[in-house]
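K.L.:
Dropping a prediction and its sequence here:
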Amino acid sequence: MNLGRVIGTVVATQKYEGLQGKKFLLVQPLDHALRVAGDPLVAVDTVQAGKGELIYFVNSREAALALEPFFVPVDAAIVGIVDDVAPETAQPLADVFSSAKTGGAL
Amino acid sequence: MKLCRVIGPVVATAKHKAYAGRKLLSVQPVDEHGAATGSSFLAVDDVQAGPGDVVLVMQEGNGVRQLLKMGSQVPIRSLIVGIVDRVTVSA
């Protein structure tokens, strides 16, 4: 799943009947620091997200499973409205990596 | 699976019912030396991982559904399935 910002709405009257009555929103994918991460995409809304809201979405087959009754032909679905994203904190480089480069990671 | 470093929790009250009661973490994919590669994404945590942990993330819905045993109506695609203790890169 990925974070995203709702940047617009998409209306399509002529469409596959399984998509009737579904709301489509234009989403700009973001990373945890809310930086742009990929091109905007159209996602079906399942949580009444509004313009400008920070959301998270799921893609591929799991998007179709977010809808009742599935199986609706969508590959991106907004499944949550985000209240808070924990910022990155400087973490000591865990000694997990036995040949860890000095100063690598974040 | 992907090697990732946990960044921190993502809180969302209004969400699809399959996410109710589940912890959502933002994770940063890392390479075999721990260096960040690619954009961060979100994963449901099932192993009580915390910020800074290096974790194994499965990104395939079918496997997630089988693990979570919540039936088929589960729009979750990324799941943290392990906390990594050691990665050794043989020369």
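P.N.:
All right, it came through fine. Computed from a predicted model, the values in this text were never measured in an experiment.

K.L.:
what residue ranges in the chain are flagged as low confidence?
P.N.:
If you meant another chain, say so; for now it's chain A. Applying pLDDT under 70 to chain A flags residues A:70-71, A:92-94, A:99-106.

K.L.:
Tell me which other helices or strands the longest strand along it touches.
P.N.:
If you go by DSSP state E, chain A has its longest strand at strand A:2-10. Helices and strands touching strand A:2-10, as assessed by 3 or more Cβ pairs under 8 Å, 6 or more residues apart in numbering or on different chains; DSSP states H and E, comprise strand A:24-30, strand A:54-59, strand B:41-45. Backbone N, C-alpha and C define where each C-beta goes, glycine included.

K.L.:
what sits against B:Met1?
P.N.:
B:56-59, B:81-82 (Cβ atoms under 8 Å, 6 or more residues apart in numbering or on different chains).

K.L.:
neighbour-wise, which of those residues leads?
P.N.:
Neighbour counts for the contacts of B:Met1, by other Cβ atoms under 10 Å in any protein chain shown, peak at B:Val57, which reaches 23 neighbours.

K.L.:
The residue of chain B found nearest chain A: how many residues sit nearby?
P.N.:
Taking Cβ to the nearest Cβ as the measure, chain B has B:Gly8 as its residue closest to chain A, at 2.7 Å. Per other Cβ under 10 Å, the neighbour tally for B:Gly8 reads 18.

K.L.:
Tell me the residue of chain A that sits nearest chain B?
P.N.:
For chain A, Cβ to the nearest Cβ, closest residue to chain B: A:Ala86, 2.7 Å.

K.L.:
And that residue, how far from A:Leu34?
P.N.:
Separation of A:Ala86 from A:Leu34 (Cβ to Cβ, to the nearest Å) stands at 12 Å.

K.L.:
Can you name every helix or strand that the helix or strand of chain B with the lowest mean pLDDT contacts?
P.N.:
Here the helix or strand of chain B ranked lowest by mean pLDDT, DSSP states H and E is helix B:61-68, holding a mean of 91. Helices and strands touching helix B:61-68, by 3+ Cβ pairs under 8 Å, 6+ apart, are strand B:79-83.

K.L.:
Output the strand it packs on as CSV, nothing but the C-alphas.
P.N.:
Only the C-alpha atoms of strand B:79-83 are listed here, as CSV (Å, rounded to 0.1, in the frame of the first residue of the first chain):
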residue,chain,number,x,y,z
LEU,B,79,2.6,-7.5,5.3
ILE,B,80,5.6,-7.5,7.6
VAL,B,81,6.3,-11.2,8.2
GLY,B,82,9.6,-11.2,10.1
ILE,B,83,12.2,-9.1,12.0
